[in-house]
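Asks: Predicted structure and sequence below. I'll ask about it afterward.
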Amino acid sequence: MHNHYLSPVYGGGRPSPAQLSVCIVKQANDSLLAKLSKTALGEAEATPFASSRDGDSITISIPLTMARGDALAELILLIASQIPTAVLRECTTGWVEPQWTAETQRQLMGFVSAIQGAPDSFASSSSPVDLTRVAVWTTACNSALSVPGGVETAVGSVLPSEVGGAKSANKYLTKAFGALRAVSSDSTHQQAIATLERVLKLWIKEQRVPALALVRRQKISWGSVLLTAAPTETKKVKGQSITQIKSPSKPSRSPFLSGKEKQVLSSLLATEWNIPEAMRDEWVRMSSQAQHDSYNDFIKRLKTHFETINRISTSIHAKLGHRKKWIHAACLEKGVAPTSKKDKANEFIWSQNFYKLNLVDCNLSVALVFAPNHYLTMDKYDCDNILTNLWGLGGVLDPRDCTPSRCGVTVELWKEWAVRFQPDFSENRDEIPQAVTLDDPNPFSSLPDPAGS
(Lines give C-alpha, C1' and ligand atoms only; values in the text may rest on other atoms or scores of the structure.)
Protein backbone atom coordinates (compact mmCIF):
# COMPACT_ATOMS: atom_id res chain seq x y z
CA MET A 1 0.00 0.00 0.00
CA HIS A 2 1.21 3.54 -0.63
CA ASN A 3 0.03 7.11 -0.54
CA HIS A 4 -2.15 7.62 -3.65
CA TYR A 5 -0.93 11.17 -4.25
CA LEU A 6 2.50 9.86 -5.23
CA SER A 7 1.22 7.58 -8.00
CA PRO A 8 3.46 7.63 -11.08
CA VAL A 9 2.52 9.07 -14.44
CA TYR A 10 0.83 7.34 -17.36
CA GLY A 11 1.93 9.27 -20.41
CA GLY A 12 -0.38 8.75 -23.40
CA GLY A 13 -1.67 6.43 -26.10
CA ARG A 14 -3.76 3.35 -25.44
CA PRO A 15 -2.90 1.92 -21.99
CA SER A 16 -1.90 -1.70 -21.53
CA PRO A 17 -2.96 -3.50 -18.32
CA ALA A 18 0.49 -2.79 -16.89
CA GLN A 19 0.34 0.86 -17.86
CA LEU A 20 -3.15 1.18 -16.42
CA SER A 21 -1.72 0.39 -13.03
CA VAL A 22 0.12 3.71 -13.11
CA CYS A 23 -2.50 5.68 -15.02
CA ILE A 24 -3.07 8.65 -12.74
CA VAL A 25 -1.48 11.64 -14.41
CA LYS A 26 1.25 13.68 -12.77
CA GLN A 27 -0.36 16.99 -13.67
CA ALA A 28 -3.43 15.97 -11.65
CA ASN A 29 -1.49 15.78 -8.41
CA ASP A 30 -1.40 19.51 -7.69
CA SER A 31 -5.05 19.81 -8.54
CA LEU A 32 -6.00 16.94 -6.27
CA LEU A 33 -3.90 18.24 -3.39
CA ALA A 34 -5.44 21.68 -3.76
CA LYS A 35 -8.92 20.18 -3.64
CA LEU A 36 -8.28 17.86 -0.72
CA SER A 37 -9.77 18.90 2.58
CA LYS A 38 -9.21 17.25 5.92
CA THR A 39 -12.64 18.28 7.15
CA ALA A 40 -14.16 15.47 9.17
CA LEU A 41 -16.62 13.29 7.28
CA GLY A 42 -19.88 12.02 8.56
CA GLU A 43 -20.38 8.30 9.13
CA ALA A 44 -22.09 7.76 5.75
CA GLU A 45 -19.33 9.61 3.90
CA ALA A 46 -16.47 7.70 5.46
CA THR A 47 -16.57 4.91 2.83
CA PRO A 48 -13.74 5.22 0.29
CA PHE A 49 -14.90 6.85 -2.95
CA ALA A 50 -18.44 7.37 -1.74
CA SER A 51 -19.85 10.62 -3.09
CA SER A 52 -22.77 12.98 -3.04
CA ARG A 53 -23.77 15.32 -5.84
CA ASP A 54 -25.55 18.67 -5.62
CA GLY A 55 -26.18 20.06 -9.09
CA ASP A 56 -22.81 20.32 -10.81
CA SER A 57 -20.89 19.98 -7.55
CA ILE A 58 -19.73 16.63 -6.25
CA THR A 59 -18.10 15.74 -2.93
CA ILE A 60 -15.93 12.61 -2.96
CA SER A 61 -14.54 10.68 -0.02
CA ILE A 62 -10.85 9.95 -0.71
CA PRO A 63 -9.30 6.88 0.99
CA LEU A 64 -6.17 7.24 3.08
CA THR A 65 -4.33 4.54 1.16
CA MET A 66 -4.61 2.59 -2.07
CA ALA A 67 -2.37 0.19 -4.02
CA ARG A 68 -0.50 1.03 -7.18
CA GLY A 69 -2.56 -0.37 -10.08
CA ASP A 70 -5.94 0.18 -8.41
CA ALA A 71 -7.62 0.97 -11.73
CA LEU A 72 -11.01 2.17 -10.48
CA ALA A 73 -9.49 4.30 -7.72
CA GLU A 74 -6.98 6.01 -10.00
CA LEU A 75 -9.60 6.53 -12.72
CA ILE A 76 -11.92 8.33 -10.29
CA LEU A 77 -9.04 10.55 -9.13
CA LEU A 78 -7.99 11.24 -12.72
CA ILE A 79 -11.49 12.40 -13.71
CA ALA A 80 -12.03 14.32 -10.47
CA SER A 81 -8.81 16.26 -11.08
CA GLN A 82 -10.39 17.65 -14.28
CA ILE A 83 -13.70 18.72 -12.76
CA PRO A 84 -13.59 22.25 -11.29
CA THR A 85 -16.62 21.60 -9.08
CA ALA A 86 -15.28 18.42 -7.45
CA VAL A 87 -14.64 18.62 -3.70
CA LEU A 88 -12.41 15.94 -2.17
CA ARG A 89 -12.59 15.04 1.51
CA GLU A 90 -10.08 12.71 3.09
CA CYS A 91 -11.30 9.73 5.06
CA THR A 92 -9.25 7.42 7.27
CA THR A 93 -10.25 4.18 5.58
CA GLY A 94 -8.08 2.41 3.02
CA TRP A 95 -9.20 1.21 -0.40
CA VAL A 96 -9.18 -2.40 -1.60
CA GLU A 97 -9.74 -2.82 -5.37
CA PRO A 98 -12.05 -5.54 -6.74
CA GLN A 99 -10.58 -8.33 -8.87
CA TRP A 100 -11.62 -7.24 -12.35
CA THR A 101 -12.37 -9.61 -15.20
CA ALA A 102 -10.42 -9.27 -18.45
CA GLU A 103 -13.36 -7.46 -20.10
CA THR A 104 -13.98 -5.00 -17.25
CA GLN A 105 -10.22 -4.29 -17.08
CA ARG A 106 -10.38 -3.32 -20.78
CA GLN A 107 -13.46 -1.19 -20.20
CA LEU A 108 -11.65 0.72 -17.47
CA MET A 109 -8.76 1.23 -19.89
CA GLY A 110 -11.33 2.54 -22.36
CA PHE A 111 -12.45 5.16 -19.85
CA VAL A 112 -8.82 6.18 -19.28
CA SER A 113 -8.27 6.44 -23.02
CA ALA A 114 -11.38 8.62 -23.36
CA ILE A 115 -10.30 10.98 -20.58
CA GLN A 116 -6.93 11.46 -22.23
CA GLY A 117 -8.47 12.95 -25.37
CA ALA A 118 -10.94 12.68 -28.19
CA PRO A 119 -10.47 10.13 -30.97
CA ASP A 120 -9.97 11.24 -34.57
CA SER A 121 -13.18 9.55 -35.66
CA PHE A 122 -15.99 7.34 -34.41
CA ALA A 123 -14.63 4.28 -36.19
CA SER A 124 -13.86 1.49 -33.74
CA SER A 125 -12.62 -2.03 -33.44
CA SER A 126 -14.55 -4.58 -31.41
CA SER A 127 -12.22 -4.13 -28.43
CA PRO A 128 -13.93 -2.97 -25.21
CA VAL A 129 -11.14 -0.35 -24.94
CA ASP A 130 -12.07 1.28 -28.25
CA LEU A 131 -15.82 0.83 -27.83
CA THR A 132 -15.82 2.42 -24.38
CA ARG A 133 -13.78 5.38 -25.63
CA VAL A 134 -16.11 5.92 -28.59
CA ALA A 135 -19.18 5.58 -26.36
CA VAL A 136 -17.88 8.23 -23.94
CA TRP A 137 -17.10 10.73 -26.72
CA THR A 138 -20.32 10.03 -28.60
CA THR A 139 -22.19 10.78 -25.39
CA ALA A 140 -20.12 13.97 -24.93
CA CYS A 141 -20.94 15.06 -28.49
CA ASN A 142 -24.65 14.41 -28.01
CA SER A 143 -24.51 16.41 -24.78
CA ALA A 144 -22.76 19.33 -26.51
CA LEU A 145 -25.24 19.31 -29.40
CA SER A 146 -28.18 19.36 -27.00
CA VAL A 147 -27.18 22.74 -25.55
CA PRO A 148 -29.62 25.32 -27.00
CA GLY A 149 -27.98 27.71 -29.47
CA GLY A 150 -24.43 27.97 -30.68
CA VAL A 151 -24.24 24.64 -32.50
CA GLU A 152 -25.65 25.67 -35.89
CA THR A 153 -22.47 24.62 -37.65
CA ALA A 154 -22.07 21.21 -36.03
CA VAL A 155 -24.28 18.48 -37.49
CA GLY A 156 -25.09 15.54 -35.25
CA SER A 157 -25.93 13.09 -38.04
CA VAL A 158 -22.23 12.13 -38.15
CA LEU A 159 -22.53 10.44 -34.75
CA PRO A 160 -22.93 6.65 -34.66
CA SER A 161 -26.44 5.49 -33.80
CA GLU A 162 -25.12 2.24 -32.29
CA VAL A 163 -21.99 1.36 -30.33
CA GLY A 164 -20.85 -2.22 -29.83
CA GLY A 165 -24.26 -3.62 -30.66
CA ALA A 166 -26.04 -1.35 -28.18
CA LYS A 167 -28.75 0.91 -29.60
CA SER A 168 -26.96 4.04 -28.39
CA ALA A 169 -23.75 5.18 -26.75
CA ASN A 170 -25.63 5.74 -23.49
CA LYS A 171 -26.89 2.16 -23.54
CA TYR A 172 -23.40 0.86 -24.16
CA LEU A 173 -22.10 2.80 -21.14
CA THR A 174 -25.00 1.54 -19.05
CA LYS A 175 -24.01 -1.99 -20.05
CA ALA A 176 -20.35 -1.28 -19.22
CA PHE A 177 -21.20 0.03 -15.74
CA GLY A 178 -23.45 -3.00 -15.24
CA ALA A 179 -20.48 -5.25 -15.99
CA LEU A 180 -18.36 -3.36 -13.44
CA ARG A 181 -21.04 -3.73 -10.78
CA ALA A 182 -21.36 -7.44 -11.47
CA VAL A 183 -17.72 -8.04 -10.45
CA SER A 184 -18.34 -7.40 -6.75
CA SER A 185 -21.41 -7.02 -4.57
CA ASP A 186 -19.42 -5.26 -1.86
CA SER A 187 -21.20 -2.01 -0.95
CA THR A 188 -17.93 -0.06 -0.95
CA HIS A 189 -17.22 -1.14 -4.52
CA GLN A 190 -20.79 -0.40 -5.58
CA GLN A 191 -20.55 3.15 -4.17
CA ALA A 192 -17.23 3.71 -5.95
CA ILE A 193 -18.71 2.62 -9.28
CA ALA A 194 -21.63 4.99 -8.67
CA THR A 195 -19.08 7.77 -8.05
CA LEU A 196 -17.32 6.90 -11.33
CA GLU A 197 -20.65 7.34 -13.14
CA ARG A 198 -21.24 10.70 -11.47
CA VAL A 199 -17.81 12.16 -12.16
CA LEU A 200 -17.91 10.90 -15.74
CA LYS A 201 -21.24 12.70 -16.35
CA LEU A 202 -19.80 15.92 -14.94
CA TRP A 203 -16.64 15.50 -17.00
CA ILE A 204 -18.71 14.97 -20.15
CA LYS A 205 -20.51 18.29 -19.53
CA GLU A 206 -17.11 20.02 -19.46
CA GLN A 207 -16.14 18.68 -22.91
CA ARG A 208 -18.45 20.84 -25.02
CA VAL A 209 -15.70 22.59 -27.00
CA PRO A 210 -13.60 19.51 -27.89
CA ALA A 211 -16.79 17.50 -28.51
CA LEU A 212 -18.10 20.01 -31.06
CA ALA A 213 -14.64 20.13 -32.65
CA LEU A 214 -14.77 16.33 -32.95
CA VAL A 215 -18.18 16.50 -34.61
CA ARG A 216 -16.95 19.07 -37.13
CA ARG A 217 -13.96 16.89 -38.05
CA GLN A 218 -16.31 14.23 -39.41
CA LYS A 219 -17.54 14.32 -42.99
CA ILE A 220 -21.31 14.31 -43.44
CA SER A 221 -22.62 11.66 -45.81
CA TRP A 222 -24.62 12.93 -48.77
CA GLY A 223 -27.27 10.34 -47.95
CA SER A 224 -28.01 11.96 -44.59
CA VAL A 225 -28.26 15.40 -46.25
CA LEU A 226 -30.66 14.05 -48.86
CA LEU A 227 -32.84 12.23 -46.31
CA THR A 228 -33.12 15.42 -44.25
CA ALA A 229 -34.16 17.66 -47.16
CA ALA A 230 -36.10 15.35 -49.48
CA PRO A 231 -39.66 14.09 -49.05
CA THR A 232 -39.55 10.56 -47.68
CA GLU A 233 -41.78 7.58 -47.07
CA THR A 234 -41.38 4.72 -44.63
CA LYS A 235 -41.96 1.15 -45.70
CA LYS A 236 -41.90 -2.17 -43.88
CA VAL A 237 -39.37 -4.56 -45.39
CA LYS A 238 -39.09 -7.96 -43.70
CA GLY A 239 -40.43 -6.47 -40.48
CA GLN A 240 -38.03 -3.52 -40.50
CA SER A 241 -38.94 0.10 -41.19
CA ILE A 242 -37.03 1.48 -44.17
CA THR A 243 -37.06 5.20 -44.97
CA GLN A 244 -36.82 6.01 -48.67
CA ILE A 245 -36.74 9.22 -50.68
CA LYS A 246 -40.04 9.90 -52.41
CA SER A 247 -39.02 11.94 -55.42
CA PRO A 248 -41.83 13.37 -57.60
CA SER A 249 -42.60 11.23 -60.63
CA LYS A 250 -40.80 12.30 -63.79
CA PRO A 251 -43.25 13.63 -66.41
CA SER A 252 -41.56 11.39 -68.99
CA ARG A 253 -43.07 8.39 -67.17
CA SER A 254 -46.58 9.44 -68.06
CA PRO A 255 -48.45 6.67 -69.91
CA PHE A 256 -50.06 9.23 -72.23
CA LEU A 257 -46.87 10.17 -74.09
CA SER A 258 -45.61 8.71 -77.35
CA GLY A 259 -42.23 6.97 -77.28
CA LYS A 260 -40.52 9.92 -78.92
CA GLU A 261 -42.08 12.38 -76.47
CA LYS A 262 -40.85 10.29 -73.52
CA GLN A 263 -37.27 10.46 -74.78
CA VAL A 264 -37.35 14.18 -75.54
CA LEU A 265 -39.14 15.17 -72.33
CA SER A 266 -36.75 13.09 -70.24
CA SER A 267 -33.78 14.87 -71.82
CA LEU A 268 -35.45 18.28 -71.57
CA LEU A 269 -36.13 17.97 -67.83
CA ALA A 270 -32.93 16.10 -66.96
CA THR A 271 -31.20 19.27 -65.75
CA GLU A 272 -34.00 19.95 -63.25
CA TRP A 273 -34.16 16.37 -62.02
CA ASN A 274 -30.37 15.96 -61.82
CA ILE A 275 -29.75 18.96 -59.54
CA PRO A 276 -29.22 16.70 -56.47
CA GLU A 277 -26.51 14.79 -58.37
CA ALA A 278 -24.72 18.04 -59.21
CA MET A 279 -25.04 19.16 -55.58
CA ARG A 280 -23.70 15.81 -54.42
CA ASP A 281 -20.57 16.24 -56.55
CA GLU A 282 -20.09 19.67 -54.99
CA TRP A 283 -20.70 18.31 -51.48
CA VAL A 284 -18.24 15.40 -51.53
CA ARG A 285 -15.41 17.69 -52.66
CA MET A 286 -15.85 19.91 -49.58
CA SER A 287 -13.81 19.56 -46.39
CA SER A 288 -15.58 18.35 -43.27
CA GLN A 289 -15.47 21.85 -41.76
CA ALA A 290 -16.98 23.35 -44.93
CA GLN A 291 -19.70 20.70 -44.94
CA HIS A 292 -20.79 21.58 -41.42
CA ASP A 293 -20.70 25.30 -42.27
CA SER A 294 -22.72 24.78 -45.47
CA TYR A 295 -25.14 22.15 -44.20
CA ASN A 296 -28.13 24.44 -43.60
CA ASP A 297 -27.64 26.14 -46.97
CA PHE A 298 -27.60 22.79 -48.79
CA ILE A 299 -30.73 21.70 -46.94
CA LYS A 300 -32.54 24.88 -48.06
CA ARG A 301 -31.35 24.46 -51.66
CA LEU A 302 -32.46 20.84 -51.76
CA LYS A 303 -35.86 21.61 -50.26
CA THR A 304 -36.37 24.35 -52.84
CA HIS A 305 -35.37 21.91 -55.56
CA PHE A 306 -37.86 19.27 -54.47
CA GLU A 307 -40.62 21.87 -54.17
CA THR A 308 -39.82 23.01 -57.72
CA ILE A 309 -39.80 19.59 -59.35
CA ASN A 310 -42.93 18.65 -57.41
CA ARG A 311 -44.72 21.64 -58.96
CA ILE A 312 -43.39 20.72 -62.41
CA SER A 313 -44.38 17.08 -61.98
CA THR A 314 -47.87 17.85 -60.67
CA SER A 315 -48.58 20.41 -63.40
CA ILE A 316 -47.31 18.37 -66.37
CA HIS A 317 -48.88 15.10 -65.24
CA ALA A 318 -52.21 16.87 -64.74
CA LYS A 319 -52.10 18.44 -68.21
CA LEU A 320 -51.01 15.18 -69.84
CA GLY A 321 -53.93 13.55 -68.06
CA HIS A 322 -56.23 15.57 -70.34
CA ARG A 323 -55.16 13.23 -73.14
CA LYS A 324 -56.66 10.18 -71.47
CA LYS A 325 -60.28 10.71 -72.50
CA TRP A 326 -59.28 11.39 -76.13
CA ILE A 327 -57.02 8.35 -76.24
CA HIS A 328 -59.85 6.19 -74.89
CA ALA A 329 -62.42 7.76 -77.23
CA ALA A 330 -60.23 7.18 -80.31
CA CYS A 331 -59.42 3.59 -79.37
CA LEU A 332 -63.12 2.83 -78.80
CA GLU A 333 -64.10 4.64 -82.03
CA LYS A 334 -61.65 2.59 -84.09
CA GLY A 335 -62.11 -0.73 -82.32
CA VAL A 336 -58.62 -1.00 -80.89
CA ALA A 337 -59.51 -0.67 -77.21
CA PRO A 338 -57.98 -3.30 -74.85
CA THR A 339 -60.34 -6.18 -74.19
CA SER A 340 -59.10 -8.00 -71.09
CA LYS A 341 -59.81 -6.62 -67.62
CA LYS A 342 -56.08 -6.41 -66.90
CA ASP A 343 -55.29 -4.57 -70.13
CA LYS A 344 -58.21 -2.18 -69.72
CA ALA A 345 -56.65 -1.00 -66.44
CA ASN A 346 -53.29 -0.40 -68.13
CA GLU A 347 -53.07 3.12 -69.60
CA PHE A 348 -49.83 2.24 -71.38
CA ILE A 349 -51.69 -0.29 -73.54
CA TRP A 350 -54.42 2.25 -74.40
CA SER A 351 -51.73 4.75 -75.46
CA GLN A 352 -49.76 2.13 -77.38
CA ASN A 353 -52.87 1.33 -79.42
CA PHE A 354 -53.73 5.01 -79.86
CA TYR A 355 -50.33 6.01 -81.26
CA LYS A 356 -50.61 3.26 -83.87
CA LEU A 357 -53.62 5.07 -85.35
CA ASN A 358 -53.38 7.51 -88.23
CA LEU A 359 -54.04 10.82 -86.48
CA VAL A 360 -53.42 13.26 -89.33
CA ASP A 361 -57.12 13.97 -89.97
CA CYS A 362 -57.90 14.49 -86.30
CA ASN A 363 -60.00 17.49 -85.33
CA LEU A 364 -57.60 20.43 -84.84
CA SER A 365 -59.03 21.27 -81.42
CA VAL A 366 -58.32 17.71 -80.28
CA ALA A 367 -54.82 17.85 -81.74
CA LEU A 368 -54.17 20.95 -79.64
CA VAL A 369 -54.67 18.83 -76.50
CA PHE A 370 -51.52 16.95 -77.59
CA ALA A 371 -49.48 20.07 -78.47
CA PRO A 372 -46.40 20.85 -76.33
CA ASN A 373 -47.81 24.20 -75.19
CA HIS A 374 -50.72 22.39 -73.53
CA TYR A 375 -48.52 20.78 -70.86
CA LEU A 376 -45.20 22.69 -70.97
CA THR A 377 -46.55 25.84 -69.35
CA MET A 378 -43.27 27.00 -67.73
CA ASP A 379 -42.23 30.45 -68.92
CA LYS A 380 -38.72 29.37 -69.89
CA TYR A 381 -40.09 27.16 -72.67
CA ASP A 382 -42.32 29.96 -74.08
CA CYS A 383 -44.50 27.35 -75.80
CA ASP A 384 -47.55 29.58 -76.25
CA ASN A 385 -45.51 32.04 -78.29
CA ILE A 386 -43.99 29.17 -80.27
CA LEU A 387 -47.49 27.98 -81.25
CA THR A 388 -48.47 31.53 -82.20
CA ASN A 389 -45.41 31.83 -84.45
CA LEU A 390 -46.03 28.45 -86.07
CA TRP A 391 -49.69 29.35 -86.55
CA GLY A 392 -48.61 32.44 -88.43
CA LEU A 393 -46.97 30.26 -91.09
CA GLY A 394 -50.42 29.09 -92.26
CA GLY A 395 -51.22 25.84 -94.00
CA VAL A 396 -50.37 22.34 -92.77
CA LEU A 397 -47.53 22.40 -90.27
CA ASP A 398 -44.51 20.70 -91.79
CA PRO A 399 -42.00 19.18 -89.34
CA ARG A 400 -39.30 21.04 -91.27
CA ASP A 401 -40.95 24.31 -90.18
CA CYS A 402 -40.16 23.37 -86.58
CA THR A 403 -36.63 24.71 -86.38
CA PRO A 404 -34.48 25.51 -83.32
CA SER A 405 -34.75 29.22 -84.15
CA ARG A 406 -38.56 28.99 -83.94
CA CYS A 407 -39.00 26.34 -81.24
CA GLY A 408 -35.88 26.58 -79.08
CA VAL A 409 -35.08 23.59 -76.88
CA THR A 410 -38.57 22.13 -77.37
CA VAL A 411 -38.07 21.75 -81.13
CA GLU A 412 -38.19 17.93 -81.13
CA LEU A 413 -41.54 17.93 -79.30
CA TRP A 414 -43.02 20.26 -81.91
CA LYS A 415 -41.64 18.08 -84.71
CA GLU A 416 -43.22 15.00 -83.12
CA TRP A 417 -46.55 16.80 -82.86
CA ALA A 418 -46.34 17.92 -86.50
CA VAL A 419 -45.54 14.38 -87.68
CA ARG A 420 -48.37 12.78 -85.66
CA PHE A 421 -51.17 15.27 -86.30
CA GLN A 422 -50.09 17.43 -89.27
CA PRO A 423 -52.25 20.29 -87.90
CA ASP A 424 -53.76 22.55 -90.57
CA PHE A 425 -53.32 26.28 -89.87
CA SER A 426 -54.75 27.38 -93.23
CA GLU A 427 -57.88 28.99 -91.76
CA ASN A 428 -57.57 32.72 -91.35
CA ARG A 429 -58.18 33.13 -87.65
CA ASP A 430 -57.34 35.96 -85.33
CA GLU A 431 -57.03 33.54 -82.42
CA ILE A 432 -55.82 29.97 -82.10
CA PRO A 433 -58.78 27.67 -81.29
CA GLN A 434 -58.99 26.23 -77.80
CA ALA A 435 -58.61 22.55 -77.01
CA VAL A 436 -61.94 20.71 -77.01
CA THR A 437 -63.91 19.04 -74.25
CA LEU A 438 -65.32 15.56 -74.49
CA ASP A 439 -68.74 17.06 -75.13
CA ASP A 440 -67.67 18.38 -78.54
CA PRO A 441 -69.46 16.41 -81.28
CA ASN A 442 -67.52 13.78 -83.19
CA PRO A 443 -63.99 14.92 -82.37
CA PHE A 444 -62.63 11.82 -84.07
CA SER A 445 -65.24 11.53 -86.80
CA SER A 446 -62.72 12.11 -89.56
CA LEU A 447 -60.17 9.56 -88.34
CA PRO A 448 -59.56 7.05 -91.13
CA ASP A 449 -60.04 3.34 -90.56
CA PRO A 450 -56.76 2.06 -89.08
CA ALA A 451 -57.05 -0.99 -91.34
CA GLY A 452 -56.63 1.28 -94.31
CA SER A 453 -53.65 3.18 -92.95
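Replies: Great, that's in hand.
Asks: Poorly predicted segments of the stretch 1-150 of the chain, please.
Replies: Regions of the stretch 1-150 of the chain meeting the criterion pLDDT under 70 cover residues 1-45, 150.
Asks: again, 80 this time
Replies: Low-confidence segments of the stretch 1-150 of the chain (pLDDT under 80): 1-46, 149-150.
Asks: how about the strands of it, start to end?
Replies: Along the stretch 1-150 of the chain, counting by DSSP state E, counting those that start in this stretch, strands occupy 36-37, 51-54, 57-62, 86-90.
Asks: so which of those strands is the most packed in?
Replies: strand 57-62 (a mean of 21; mean count of other C-beta atoms under 10 Å). Any C-beta I mention is one placed from the backbone N, CA and C, and that applies to glycine too.
Asks: packing partners for that one?
Replies: Judged by 3 or more C-beta pairs under 8 Å, 6 or more residues apart in numbering; DSSP states H and E, strand 57-62 is in contact with strand 51-54, helix 71-80, strand 86-90, helix 187-205.
Asks: sorry, back to before: distance to S124 added to the strands of the stretch 1-150 of the chain, as TSV?
Replies: Formatted as TSV, the strands of the stretch 1-150 of the chain follow (distance: least, C-beta to C-beta, whole Å):
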stretch	distance to S124
strand 36-37	36
strand 51-54	30
strand 57-62	29
strand 86-90	29
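Asks: count of neighbours near the closest residue to S288 other than its chain neighbours?
Replies: Excluding the flanking residues, the one nearest S288 by C-beta to C-beta, 6 or more residues apart in numbering is K219, at 4.6 Å. K219: 16 surrounding residues under other C-beta atoms under 10 Å.
Asks: so who does K219 touch?
Replies: Shown in contact with K219 (C-beta atoms under 8 Å, 6 or more residues apart in numbering): V158, S288, Q291.
Asks: tell me the SS of it?
Replies: coil (DSSP: H, G, I helix; E, B strand; the rest coil).
Asks: Next, it: phi, psi?
Replies: K219 adopts backbone torsions of phi -70, psi 140, taken as degrees, to the nearest 10.
Asks: R285 too?
Replies: Reported as degrees, to the nearest 10, the phi and psi values for R285 are phi -80, psi -10.
Asks: One more: C91?
Replies: phi -110, psi 170.
Asks: domain ranges for the chain?
Replies: Following automatic domain parsing, the chain resolves into domains at 4-216, 226-320, 323-452.
Asks: Just say which of those domains is most tucked in.
Replies: domain 4-216 (a mean of 18).
Asks: got the residue ranges for the strands in the stretch 201-350 of the chain?
Replies: Using DSSP E, counting those that start in this stretch, strands in the stretch 201-350 of the chain cover 232-237, 240-245.
Asks: Distance of the closest residue in space to P251 that isn't next to it in sequence relative to F354?
Replies: Of all residues not flanking P251 in the chain, I316 sits nearest, at 3.9 Å (C-beta to C-beta, 6+ apart). Distance from I316 to F354, counting by C-beta to C-beta, to the nearest Å: 19 Å.
Asks: Report the inter-axis angle for the top helix by length along the chain versus strand 240-245.
Replies: If you go by DSSP state H, the chain has its longest helix at helix 288-320. Put simply, helix 288-320 runs at 80 degrees to strand 240-245, going by axes from the mean of the first three to the mean of the last three C-alpha atoms, to 10 degrees.
Asks: Can you spell out which helices and strands pack onto helix 288-320?
Replies: By 3+ C-beta pairs under 8 Å, 6+ apart, helix 288-320 packs against helix 208-216, helix 222-229, helix 270-273, helix 275-284, helix 372-375.
Asks: before we move on, back to that, let me know the pLDDT of the residue nearest to S288.
Replies: For K219, the pLDDT comes out at 96.
Asks: Need the pLDDT of the closest residue to A229 other than its chain neighbours.
Replies: Nearest non-adjacent residue to A229, counting by C-beta to C-beta, 6+ apart: L302, 3.5 Å away. Per-residue confidence at L302 stands at 96 (pLDDT).
Asks: now swap in the one 3 residues further on and tell me
Replies: At H305, the model reports a pLDDT of 96.
Asks: if we can go back for a sec, so which of the contacts of K219 is the closest to G110?
Replies: V158 (20.9 Å; C-beta to C-beta).
Asks: Who are the contact partners of the closest residue to that closest one other than its chain neighbours?
Replies: Of all residues not flanking V158 in the chain, Q218 sits nearest, at 3.8 Å (C-beta to C-beta, 6+ apart). Taking C-beta under 8 Å, 6+ apart as the criterion, Q218 is in contact with S121, F122, V158, S288.
Asks: so which pair among the residues you listed is furthest apart in space?
Replies: Maximum distance among the contacts of Q218 (C-beta to C-beta): 12.6 Å, for F122 and S288.
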